[in-house]
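# can't give you the sequence, but here's the structure:
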């Protein structure tokens, strides 16, 4: 079914400003929550504080962040756990870049399988919150800021109505549509919430596992140097990472 963006703009015009302010209030509440976590943080050295408060852009910076947090996981496990979950949910709920970094360090902090469980739950709950925020408050903003993404997703799922769940599963594993657009646009194009949740939970598990394993391999290299097992893991992960682009290219032919 073709989506009429101009009609949707007219339908959402009346409450656009009110919803914008409500979203800003919710965003501000999340930022205030992060501020409270910072105030309750265990004592940090100046060097540790500098590592934690900067944005990690390189593998080395991500490694340093995981090493500092690992130290505090031993002495303040529940604080690190609560901060990790809150921050992940905050980023995912408001479609803010960064969850992939948290996924990379989660294995080092909590272990591979516990980390996968935590990340899977946080990613699913955060994506669901994003879905509901878009549905109830953000629809007017999404169709104005990202009309092409909404139209692209609508066109894609219109051709897959009979197998919508499996197609959403595919989109989570092979991101033909970016995950943040999928979260924001799904309620607009009529994807049912139950289908969205299940496809998110199971579809994000493989990429999350790859991120966690990559982070653990990098951490192992930082601690002990490049061992044969770490090298093997990185090679296998590199092969897995190449699979989605190959599938995307074959699908486009």
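All right, it came through fine. On a predicted model such as this, the values are computed, not experimentally measured, just so you know.
# Only C-alpha atoms from now on, for both contacts and neighbour counts.
Noted.
# number of nearby residues for the residue lying closest to residue 56 once chain neighbours are set aside?
Distance criterion Cα to Cα, 6 or more residues apart in numbering; nearest residue to residue 56, sequence neighbours excluded, is residue 62 at 5.5 Å. By the criterion of other Cα atoms under 10 Å, residue 62 has 21 neighbours.
# In the stretch 1-150 of the chain, mark out all the helices, start to finish.
In order along the chain, the stretch 1-150 of the chain carries the following helices (DSSP state H, counting those that start in this stretch): 5-12, 16-39, 46-53, 59-75, 77-93, 99-110, 112-133, 139-145, 147-158.
# what's the closest of those to residue 218?
When the helices of the stretch 1-150 of the chain are compared by Cα to Cα, helix 59-75 sits nearest residue 218, at 6.9 Å.
# tally of neighbours for residue 14?
Neighbours of residue 14 under the rule other Cα under 10 Å: 11.
# That one and residue 3, how far apart?
Note on residue 14: its distance to residue 3, by Cα to Cα, to the nearest Å, is 20 Å.
# what's the answer for residue 139, then?
Distance, residue 139 to residue 3, using Cα to Cα: 13 Å.
# Compare these two and say which is more crowded by neighbours.
Using other Cα under 10 Å, the more surrounded residue of residue 139 and residue 3 is residue 139, with 22 against 14.
# what residues are up against that one?
By Cα atoms under 8 Å, 6 or more residues apart in numbering, residue 139 lies in contact with 12, 188.
# tell me what the helix or strand harbouring residue 218 is packed against?
Assigned by DSSP states H and E, residue 218 falls within helix 205-224. Applying 3 or more Cα pairs under 8 Å, 6 or more residues apart in numbering; DSSP states H and E, we find helix 205-224 packed against helix 59-75, helix 99-110, helix 112-133, helix 228-252.
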